[in-house]
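[1] Got a sequence here, can you build the structure:
(chains A, B and C, ligands or ions: 1)
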Amino acid sequence: MTTYIAPTLEMRFVLNELAGLDTVNTLPGYEEATPDLVDAVLEEAARLASEVLAPLNKTGDAEGSKLIDSKVVAPEGFADAYREFVEGGWAGLSMNPEFDGQGLPGLVSTAVDEMWNAANLSFSLCPLLTTGAVEALATHADDDLKQTYLAKMVTGEWTGTMNLTESQAGSDLAAVRTKAVPDGDHYRITGQKIFITWGDHELTENIVHLVLARLPDAPAGVKGISLFLVPKYLVNEDGSLGEHNDVHAVSLEHKLGVHASPTCVMSFGDRGGAVGYLIGEPNKGLACMFTMMNHARLGVGMQGVAIAERSLQAAVAYARDRVQGSVPGKQGRVTIIHHPDVRRMLMLMRAQTEAMRAVAYLTAAALDHSHHAPDADERAGFLTRVDLLTPVVKAWSTEVAQEVTTLGVQVHGGMGYVEETGCAQYFRDGRIITIYEGTTGIQANDLVGRKIIRDGGQGMRGLLADIEAFESQLDAAGEVCVAIKAALIEGRVALARGSDWLLQTYANDMYAPGAVAVNLLMLMGTVVGGWQMGRAALVAHDKLQRNEGDATFYQSKLTTARFYAEHVMPRAAAYLAAVLAGSESIMALDDEYF
Amino acid sequence: MKILVCVKRVVDYNVKARPKADGSGVETANVKMSMNPFDEIAVEESVRLKEAGTADEIVAVSMGVAQCQETLRTALAMGVDRGILIETDAELQPLAVAKLIKAVIEKEKPQLVLLGKQAIDDDANQTGQMFAAFLGWSQGTFASKLTVAGESVEVAREVDAGTEILSLQLPAVITTDLRLNEPRYVKLPNIMKAKKKPLDKLTPEELGVDVSPRLTVLKVTEPAQREAGIKVANAAELVGKLKNEAQVI
Amino acid sequence: MSALVVAEHLDNKLNPATLAAITAAQALGTGVDVLVAGLDCGAVAEAVAVVDGVNKVLRAESEAYAHPLAEDIAPLIVQLAPSYSHVLAPATTTGKNIMPRVAALLDVAQISDIIGVESPDTFLRPIYAGNVIATVRSSDPIKVITVRGTAFAAASSHGGSADVETVDTTESTGLSSFVRADFTASDRPELTSAEIVVSGGRGMGNTDNFKLLEEIADKLGAAIGASRAAVDAGFVPNDYQVGQTGKVVAPKLYIAVGISGAIQHLAGMKDSQIIVAINKDEEAPIFQVADYGIVGDLFEVLPQLSAELDKLKS
Ligand SMILES: Cc1cc2nc3c(=O)[nH]c(=O)nc-3n(C[C@H](O)[C@H](O)[C@H](O)COP(=O)(O)OP(=O)(O)OC[C@H]3O[C@@H](n4cnc5c(N)ncnc54)[C@H](O)[C@@H]3O)c2cc1C
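    Numbering: from 1, shown residues only, chains lettered A, B, ... in the order given. Predicted structure coming up:
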């Protein structure tokens, strides 16, 4: 099994050359994020990731979290690793300095989060959910709640959870039934939540649950859901911890992957009702959740990049080592990295991982601009871009991660199917990421409904215009870039056609949006990925011309971008064809014939 | 008291060094560089001495190309108070480094100087002893434990025969061995604070030190590789081979 | 001009690494004198006088040299050095402690850990944990050198007949003083000069299990070594450590038990004549340098090996 080495060279390239760290760090509040500081942050995070988190990945998988005497016990080593993580100040990397956060851009935390996730996906879910909870609280909670809870959560001394899902309410949160009844200055919560990640554990003294529930007089459906804060231990006036609240993990799921991350059935109010506090306004719970949605979805998209990178590293190491067969032009048996088909797999893994990383970091940078740009119009412009790209980063990256991790297994041959090499775990662990935080189907619906149809395709046209404006820059950059340009134009035109078709068709065919959504989303991911690979190629070309930096790195960037143009971009045409085919054959078969 | 700690930027511990194709030196272009692990132990020890109240100021010094600043920043993030970079593109050999450090010590006047017993690139194990000699100071090399008491420091040294304990008169030079401590992970807030800590730059010329090398590296090569042998089934076969084939028992 | 070798000794016994340093000095093609500094070190001086190829023994007797403190020994060597073209010492912790101090006081470079002599001013030395060998030339008038003991054969400890000459001593600097030593007492041969070394790694599991190695070592007349992992885990004291930062050994036979073979360990033993590896992990890198390997559980293999060695004896 290989250990994880954070690809800091590649990360720095994407941060500086593609995502525009140099403009993000001109935003008010982010001035400290100079490239040398970010380098130092990346180096230290890389160390913690590979020396502390990565070694627990496999043992955590084998051992799993367990429910013992009504307490969730994490695998050995997790508590120490978590303490190291918190003491190192990593939990609050991009959080508000007002609450003891470090105030670095989300862009930087995106790169650092990639490392945590690649080193240990199960572990990283805990801080990921805490970050989501912090954001919801910071934006919507009243000052009292913030004073009591926020600082401890920002530093990671307490963790946060998201209690949304119930057995009848998964993708469709309108069906939430958990009840909240006013009781003096607080509420009493009763009900059962399922699939709650890190819903209980002993890594920290306290856990802060954010819970979706209904008030007694709430209207039906999504407009009747409110958000509550329910601490595991009640917090006294003086900040000390009081009694155990009426909330417990009652069982853990046995699942395909992320074994170390406990997935809990949470029971609220077995003894009369858990004490909860309303966050934001009554019946506006879902709206509160939406404010943190872009960030959380980007976070899960990053898990796709991360697990793909981990799988790629394992596959490359194995392919360099495994001797099997021979190839023309080489004496004797060779390591499998010499076989054209193995290289095809490795290149598919590599090129798509790089493309996903670039798109994710770019979106993270846009999110930073959308919050911090001084000018309101500018902020709005960036927000449109973020809204448009977020479902793509979430769904496309996690779907492509499935392809990459399955190729990772394939490169290993039979050894990929046995657990020893670790790549089977990446494949299993990675399988959840297309499901939670909104399935691929739900993301695609979001893209076509809220992000394309709702604004009549305006945001999309802005994106297409940016791609088109870039294309001509490739002309003067040598043969490889010209080839990349041709593929990019084809892809961009395909995306425009797909999006136009949707806008023209949805009114006449009610099934069209749902039927084409995932294909359109994958088409968009592929093309936006190609755009970023083109930008990378252009930078690499310029650097090589100027004899700047690491020539092998830039040369391989160029080659990888060319591979993407030749071997991945053609998929755009296939996705388009499926989009243009519409809903007919999808909807034709009667339910009973399935 | 004031501590000076010396940190060297070297090819990272995990990188396997390879000679350049023309044998003129070791491949260092685009290779990951880090703080010499033994120096990291020295920094850690100095920070612990400060945390224990024994030291009140820690200054780190590094010599070499501009990027040595990164190494100094790491030291600052670990808890060092300020840094001094002696910037030069010239090749620096231990004798020259020792002269530069001596010049810094004369300016800074520390009571204790900590540094790694050797750097993992040239494996020389000389620098600390050399500037201790220039200054006429005591030295405790291969230190695995140190205790400051009044005007002296007691060091446990990891020597070939075991452990030897010496008492050194301050000011003293201590070179650190592996088991002195386990360096901490740098905390994120400290990385950010490190950026604001003072870092002064000097040059060998400003210090009046001639750094010309005394040794010329004529070539570097890879050592002869050992070939893997055979697997034997059991102890009986092994003893047979050792006796009859290898004739070593 | 001739070369001066600084002898290393403890408890009236000459450290055999000195004999290798004498061989290295002879390779320079000059005469070889040897300095024996200490307190009551007459016996050592006599032993050095009969070493083959030694021209003259310089004996320096003083309370100041009772323990080889660098601060006190270096001035003595510096005082003698101007009559020599080369000053050499074994690359032991003692030699490495003293010689850079000598070089600095002479304002010359020091050349560490040489493994070969190309000419009187050109030497081979390992760098980067032995991954690279550098050929270096010194332009200094006096070459101050430490010698890796495993790289040179020991000079014969008899056949010579050098005069022993008493030399002027230097004053104690009072900079440092010896407090005490915790030296591992052992009847076994010294690790760096033993003909056979049996080493244990993390795979040994605990201190008690090292008894299994002792049994084998006793039967072979071997020294016992360990990997850094075993030392860090506290199974055995630090002076057992073989490797880049421990001792460098090159015995006739090196038996590595439960040692994976990290590059840092290999750096300390890969010049052994015959290497045997016993490890249950077939992929362990140690097998790539081993002449004979047994893939198996050391707790099964060691008792069998012990029994086989008994058979050999009878
Ligand atoms: C390991 C793990 C951890 C989790 N962690 C948490 C957590 O911490 N907190 C939390 O609240 N929840 C958590 N979940 C729950 C997770 O978010 C839900 O499983 C997810 O939202 C899907 O809901 P569901 O399982 O009910 O599937 P369903 O909603 O039943 O979906 C089944 C299928 O139908 C499709 N589908 C459903 N509705 C539509 C639609 N309108 N249009 C198109 N297709 C549709 C889906 O795409 C999917 O393919 C976790 C789940 C797992 C497995």
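
[2] mind listing what's buried in stretch A:144-158?
    A:145-146, A:148-158 (16 or more other CB atoms under 10 Å in any protein chain shown). Where C-beta positions appear, they are placed from N, C-alpha and C, glycine not excepted.

[3] Spell out which two among those residues are the most distant pair, please.
    A:Leu145 and A:Gly156 (18.2 Å; CB to CB).

[4] Let me know whether A:Ala540 touches A:Leu558 as I believe.
    Yes - in this structure A:Ala540 lies within contact range of A:Leu558 using CB atoms under 8 Å: 4.8 Å.

[5] Now for C:Ile98: which residues touch it?
    B:129, C:6, C:68, C:70, C:73-74, C:77, C:89 (CB atoms under 8 Å, 6 or more residues apart in numbering or on different chains).

[6] Narrow these to those that are buried.
    B:129, C:6, C:68, C:70, C:73-74, C:77, C:89.

[7] Distance to A:Ala141 and secondary structure added to those, as a markdown table?
    Listed next are these as a markdown table, based on distance: CB to CB, whole Å; DSSP: H, G, I helix; E, B strand; the rest coil:
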| residue | distance to A:Ala141 | secondary structure |
| --- | --- | --- |
| B:Gln129 | 61 | helix |
| C:Val6 | 74 | strand |
| C:Pro68 | 69 | coil |
| C:Ala70 | 65 | helix |
| C:Ile73 | 71 | helix |
| C:Ala74 | 69 | helix |
| C:Ile77 | 74 | helix |
| C:Ala89 | 71 | strand |
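
[8] circling back to that earlier point, tell me which of the buried residues of stretch A:144-158 is nearest to chain B?
    Taking CB to the nearest CB as the measure, chain B lies nearest A:Thr155 of those, at 10.1 Å.

[9] check contacts around C:Ala151.
    Taking CB under 8 Å, 6+ apart, one finds C:20, C:24, C:114-116, C:250, C:271 in contact with C:Ala151.

[10] Filter those down to just the ones in strands.
    Of these, the ones assigned to strands by DSSP state E are C:114, C:116.

[11] Sort out which one of the contacts of C:Ala151 lies nearest A:Thr526 for me.
    C:Asp271 (55.8 Å).

[12] Can you give me the neighbour number for the closest residue to the closest one other than its chain neighbours?
    Distance criterion CB to CB, 6 or more residues apart in numbering or on different chains; nearest residue to C:Asp271, sequence neighbours excluded, is C:Ala250 at 4.0 Å. By the measure other CB atoms under 10 Å in any protein chain shown, the count of residues near C:Ala250 is 18.

[13] Likewise for A:Gly408?
    30.

[14] which one is it nearest to, not counting chain neighbours?
    A:Ser311 (3.3 Å).

[15] Could you do A:Tyr554 as well?
    A:Ala540 (3.9 Å).

[16] go on, C:Asp281?
    C:Ser260 (6.9 Å).

[17] what do you get for C:Thr245?
    B:Leu178 (5.7 Å).

[18] With C:Ala154 instead?
    C:Leu19 (3.7 Å).

[19] Identify the residues contacting the one you found.
    C:51, C:154-155, C:157.

[20] Turn the residues you listed into JSON lines, including pLDDT.
    JSON lines is the format used below for the contacts of C:Leu19 (pLDDT from 0 to 100):
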{"residue": "C:Val51", "pLDDT": "97"}
{"residue": "C:Ala154", "pLDDT": "93"}
{"residue": "C:Ala155", "pLDDT": "96"}
{"residue": "C:Ser157", "pLDDT": "93"}
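
[21] what's the closest of those to B:Val10?
    The closest of the contacts of C:Leu19, once distances to B:Val10 are taken by CB to CB, is C:Ala154, at 33.9 Å.

[22] what number of residues lie near A:Gly329?
    6.

[23] for it, helix, strand, or coil?
    coil (DSSP: H, G, I helix; E, B strand; the rest coil).

[24] C:Leu124 too?
    C:Leu124 ends up strand, using three-state DSSP.

[25] now it, which residues is it bridged with?
    C:Gly116, C:Thr135 (DSSP bridges).

[26] how close does A:Asn163 sit to B:Ala96?
    Using CB to CB, to the nearest Å, we find A:Asn163 at a distance of 64 Å from B:Ala96.

[27] Look at these two and report which has more neighbours.
    Ranked by neighbour count (other CB under 10 Å), A:Asn163 and B:Ala96 place A:Asn163 first, with 29 against 23.

[28] what sits against that one?
    Counting by CB under 8 Å, 6+ apart, A:Asn163 has contacts A:178, A:193, A:196, A:199, A:209-212, A:230, A:266.

[29] want to throw the buried ones among the contacts of C:Ile98 into JSON lines with pLDDT and distance to chain A?
    Compiled in JSON lines, the buried ones among the contacts of C:Ile98 are given as follows (pLDDT from 0 to 100; distance: CB to the nearest CB, whole Å):
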{"residue": "B:Gln129", "pLDDT": "98", "distance to chain A": "31"}
{"residue": "C:Val6", "pLDDT": "98", "distance to chain A": "42"}
{"residue": "C:Pro68", "pLDDT": "95", "distance to chain A": "39"}
{"residue": "C:Ala70", "pLDDT": "98", "distance to chain A": "35"}
{"residue": "C:Ile73", "pLDDT": "97", "distance to chain A": "41"}
{"residue": "C:Ala74", "pLDDT": "98", "distance to chain A": "39"}
{"residue": "C:Ile77", "pLDDT": "98", "distance to chain A": "43"}
{"residue": "C:Ala89", "pLDDT": "98", "distance to chain A": "38"}
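
[30] Among the residues you listed, which one lies nearest to the ligand?
    Distance to the ligand, by CB to the nearest ligand atom, is smallest for B:Gln129 among those, at 58.6 Å.

[31] Quick check: residues of the stretch 451-594 of chain A near chain B?
    A:550, A:552-553 (CB under 8 Å from any CB of the partner chain).

[32] Can you redo these as a markdown table, where the extra columns are secondary structure?
    Below are these laid out as a markdown table (three-state DSSP):
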| residue | secondary structure |
| --- | --- |
| A:Asp550 | coil |
| A:Thr552 | helix |
| A:Phe553 | helix |
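
[33] now the residues you listed in JSON lines, with neighbour count and distance to the ligand?
    Output for these, formatted as JSON lines (neighbours: other CB atoms under 10 Å in any protein chain shown; distance: CB to the nearest ligand atom, whole Å):
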{"residue": "A:Asp550", "neighbour count": "15", "distance to the ligand": "40"}
{"residue": "A:Thr552", "neighbour count": "10", "distance to the ligand": "40"}
{"residue": "A:Phe553", "neighbour count": "15", "distance to the ligand": "37"}
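
[34] which one among these gets closest to chain B?
    Of those, the one sitting nearest to chain B (CB to the nearest CB) turns out to be A:Asp550, at 4.2 Å.

[35] For chain B, which segments count as helices?
    Using DSSP state H, the helices of chain B run over B:37-51, B:68-78, B:94-108, B:127-135, B:188-194, B:204-207, B:235-240.
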